[in-house]
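Colleague: Got a sequence here, can you model it:
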Amino acid sequence: MQGQCNMKKILKTAIILFSSFIAIAHAAPVAINFNSLSFSNVSSYTTQGVTFSKGSANISTDRTPTGSRGLSGTSFSSDDPFKAVIAGGAKSVSVDLGDYGNDLDNIFLSVYDIANNLLGTTSVNCCTSSTMVTLSLAFDDISYAIFGTIGGFYKNSVYADNFTYTPSVSEVPVPAAAWLFASGLMGFTAMRRRSNLKK
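Modeller: Predicted structure coming up:
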């Protein structure tokens, strides 16, 4: 009877250890606002796993239409959107965009995979000089995002803020759980052998 109780305990322990062998990491979204950052006329800037840049112009932090600090470009003469390269990839991206010139702009967000394939794009015509809009996309294996404006009288007179992404995460074995599972399994096997020898 006691042997059966011990066996049940060992089986329960083995099941618990097995269930912890594979852990699914749930990554929390990473929100980047630029209120605590201050840089001017740089070719790129990296913070919280994201490298921001533009194609040909430099970037700076500046006051957005809503009064917070955000990203701005140094050239408004040609289409030259922002680029955000995400270390490790992402499964969703969102960004607040606004126009300081009070002219109608086609504000957009596009996301790409590591092979430069377009995964998806979204856009809206806006804005007033005191508002911003949030654009969002969700796809597996996002490597980088492009966002800004196309057209308009003052090209790229657009500001970006609150860039948020959810990191890509896959199922990974947890080393500590793997060792616990292996030792539990060995213990279970040893107890079973002892039980069989006593019979």
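
Colleague: how many neighbours does residue 121 have?
Modeller: Residue 121 has 14 neighbouring residues, counting by other C-beta atoms under 10 Å. Backbone N, C-alpha and C define where each C-beta goes, glycine included.

Colleague: where does it fall, helix, sheet strand or coil?
Modeller: Put simply, residue 121 is strand when judged by DSSP: H, G, I helix; E, B strand; the rest coil.

Colleague: So it versus residue 28, what's the distance?
Modeller: 26 Å (C-beta to C-beta, to the nearest Å).

Colleague: which stretches of this structure form strands?
Modeller: Remark: strands assigned in the chain by DSSP state E are 22-24, 30-32, 44-47, 50-54, 59-63, 69-73, 82-99, 105-112, 118-126, 133-150, 158-167, 171-173.

Colleague: Any idea which of these gets closest to residue 38?
Modeller: Residue 38 lies closest, by C-beta to C-beta, to one member of these: strand 59-63, at 5.5 Å.

Colleague: Can you give me the buried ones in the closest one?
Modeller: Under the neighbour-count criterion of 16 or more other C-beta atoms under 10 Å, strand 59-63 has 59, 60, 61, 62 buried.

Colleague: Need the nearest residue in space to the second one, chain neighbours excluded.
Modeller: So the one you mean is residue 60. Excluding the flanking residues, the one nearest residue 60 by C-beta to C-beta, 6 or more residues apart in numbering is residue 40, at 4.5 Å.

Colleague: any idea how far residue 58 is from that neighbour?
Modeller: Distance, residue 40 to residue 58, using C-beta to C-beta: 8 Å.

Colleague: between the two, which one's more packed in?
Modeller: residue 58 (17 against 11).

Colleague: sorry, back to before: now the buried residues of strand 59-63 as JSON lines including distance to residue 36 and pLDDT?
Modeller: Shown next, in JSON lines, are those (distance: C-beta to C-beta, whole Å; pLDDT from 0 to 100):
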{"residue": "59", "distance to residue 36": "16", "pLDDT": "91"}
{"residue": "60", "distance to residue 36": "15", "pLDDT": "92"}
{"residue": "61", "distance to residue 36": "10", "pLDDT": "93"}
{"residue": "62", "distance to residue 36": "14", "pLDDT": "89"}
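
Colleague: Farthest-apart pair in these, please.
Modeller: Largest separation among the buried residues of strand 59-63 by C-beta to C-beta: 59 and 62, giving 9.5 Å.

Colleague: what do those two both touch?
Modeller: Counting by C-beta atoms under 8 Å, 6 or more residues apart in numbering, the contacts common to residue 59 and residue 62 are 71, 72.

Colleague: Would you agree the residue nearest to residue 60 is in contact with residue 61?
Modeller: Yes. The pair residue 40 / residue 61 is scored as a contact, 7.3 Å apart, by C-beta atoms under 8 Å.

Colleague: Now do the same contact list for the nearest residue to residue 89 once chain neighbours are set aside.
Modeller: For residue 89, ignoring the flanking residues on the chain, the nearest one in space by C-beta to C-beta, 6+ apart is residue 168 at 4.0 Å. If you count contacts by C-beta under 8 Å, 6+ apart, residue 168 has them with 27, 88, 89, 90, 91, 140, 141, 142.
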